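S.K.: show me the folded form of this:
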Amino acid sequence: MSLSSTSVLIIYTGGTIGMIENPGTGALESFNFEQLQKHVPELRRFAFRIDSLQFDPPMDSSDMDPGAWRRLVKIISDNYDNYNGFVILHGTDTMAFTASALSFMLEDLGKPVILTGSQLPIGVLRTDGKENLMTGIEIAAARDKNGDPLIPEVCIFFENHLMRGNRTTKMNAENFNAFRSFNCPPLATVGIHIKYDRSIRLHRKKGATLKPHDRLDTRVAILKLFPGIEENIVKAIFDIEGLKAVVLETYGSGNAPRKEWFVRHLREAGERGVVIVNITQCSAGSVEMRRYGNGYQLLEAGVVCGHDSTTEAAVTKLMFLLGQGYPPEKVRQLMELSIAGEIAEG
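M.R.: Presented below is the predicted three-dimensional model:
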């Protein structure tokens, strides 16, 4: 099927946006996606075709896993030639992980894949879901005068900001501005008009076509440092059977305690082929391992600089690279480079 007019595919995975309140228990439960037009009649006002698919049964976002990511990749790749863009309705808790994973798994993506959701169910009077959904659809369908998509990448749209998916993290469980992209400006801001910043959008290679990937290796762990962390905790992480990589969340610009046993465990794990990536616990900023001695010691121990990666991007990028079967040294090399706009270049 060739595209003769605008069309958008909505993929409902689950999450708060698709919940209704059980009148008996007061608990939020998933409703059938076919009821969406009842709650959002404005969808009929779009002058283009909107189709939908849904996970059956819908998934709470805390249950999202690589299997669900593979399913989304297959849906998008199978329908890629039939639609101008895709909107994924997703729970907020793991949305940034899914967006990050898809950014790597959908190599050379040339169309918008917009993830959105809500803090309040779409059937609730004050819901933020209706605005997020409507604007997400409009962005997914947006094209320039040449017919090319305005933002051909994986993004999260939430509360008036369109953000690169793999630069975004959930930072608020209460307010409508649930997500922030601290180290990358918005790709678009929404007010009366949608203002796109095309200067920072991703550019794929000329003539490239979508290359979907479904191989991921989940033998990855996160080690978050804190004052007083004991050796047996660190050792237990690095002694995990089959461990392939560790995301090390350090202080400030990439600093860690100057303890002999700590550096020794890092060095020994690296010598066994475990890839260790240093990212900061801070919401904004970047790792600079040459800045202080407490960071430079990690560099000397073979730890890789994760620059300004989010935890979500670092974890899913490692899963993706390990899934391609690359040797540790190749993974270390690629973790320091931007392959899908996940770290600042230069």
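
S.K.: hang on, Leu299 in a helix?
M.R.: Yes. Assignment of Leu299 by DSSP: H, G, I helix; E, B strand; the rest coil places it within a helix.

S.K.: list the contacts for it?
M.R.: 289-290, 305 (Cβ atoms under 8 Å, 6 or more residues apart in numbering). C-beta here means a position set from N, CA and C on the backbone, and glycine is covered the same way.

S.K.: roughly how far does Met64 sit from Glu300?
M.R.: 37 Å (Cβ to Cβ, to the nearest Å).

S.K.: these two - which one has more neighbours?
M.R.: Between Met64 and Glu300, Met64 has the larger neighbour count (other Cβ atoms under 10 Å), namely 22 against 11.

S.K.: give me phi/psi at the nearest residue to His213 once chain neighbours are set aside?
M.R.: Among residues not flanking His213 along the chain, Met105 sits closest, at 4.6 Å (Cβ to Cβ, 6 or more residues apart in numbering). Main-chain torsions, Met105, degrees, to the nearest 10: phi -70, psi -20.

S.K.: doesn't Pro66 make contact with Met105?
M.R.: No. Counting by Cβ atoms under 8 Å, Met105 sits too far from Pro66 to count as a contact (9.3 Å).

S.K.: would you mark the buried spots in the strand or helix carrying Lys74?
M.R.: Under the criterion of DSSP states H and E, Lys74 resides in helix 66-78. Residues of helix 66-78 classed as buried by neighbour count (16 or more other Cβ atoms under 10 Å): 66, 68-70, 72-73, 75-77.

S.K.: and if you look at stretch 238-247?
M.R.: In terms of neighbour count (16+ other Cβ under 10 Å), stretch 238-247 has its buried residues at 238, 243-247.

S.K.: for it, which outside residues touch it?
M.R.: Contact with stretch 238-247 is made by 217, 219-223, 237, 265-266, 268-269, 273-277, 279, 306, 311, 314-315, 318, 322, 331, as judged by Cβ under 8 Å, 6+ apart.

S.K.: put the buried members of these into a ChimeraX selection.
M.R.: Buried members of those, defined by 16+ other Cβ under 10 Å, are picked up in ChimeraX with:
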select :217,220,221,223,237,265,266,269,274,275,276,277,279,306,311,314,315,318,322,331
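
S.K.: just checking, which of the contacts of stretch 238-247 belong to helices?
M.R.: Mapping the contacts of stretch 238-247 onto helices (DSSP state H) picks out 237, 265-266, 268-269, 311, 314-315, 318, 322, 331.

S.K.: strands - which of the contacts of Leu299 land there?
M.R.: Cys305 (DSSP state E).

S.K.: which of the contacts of Leu299 ranks first by neighbour count?
M.R.: The residue in these with the most neighbours, by other Cβ under 10 Å, is Met289 (23 neighbours).

S.K.: circling back to that earlier point, in a markdown table: the buried residues of helix 66-78, plus pLDDT.
M.R.: Output for these, formatted as a markdown table (pLDDT from 0 to 100):
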| residue | pLDDT |
| --- | --- |
| Pro66 | 98 |
| Ala68 | 97 |
| Trp69 | 98 |
| Arg70 | 98 |
| Leu72 | 98 |
| Val73 | 98 |
| Ile75 | 98 |
| Ile76 | 98 |
| Ser77 | 98 |
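
S.K.: got a list of what the residue nearest to Gly191 when sequence neighbours are not counted touches?
M.R.: Nearest residue to Gly191, sequence neighbours excluded (Cβ to Cβ, 6+ apart): Asn160, at 7.0 Å. Listed by Cβ under 8 Å, 6+ apart, the contact set of Asn160 reads 189-191.

S.K.: and Asp108, what is it in contact with?
M.R.: Taking Cβ under 8 Å, 6+ apart, we find Asp108 in contact with 204-205, 208-211.

S.K.: apart from its chain neighbours, what residue comes closest to it?
M.R.: Leaving aside its sequence neighbours, Asp108 sits nearest to Ala208 (Cβ to Cβ, 6+ apart; 4.0 Å).

S.K.: so Phe104 versus Lys317, what's the distance?
M.R.: Taking Cβ to Cβ, one finds Phe104 at 6 Å from Lys317.

S.K.: okay, and for the stretch 1-150 of the chain, where does confidence drop off?
M.R.: 1-4, 20-23, 26-37, 39, 122-123, 125-126 (pLDDT under 70).
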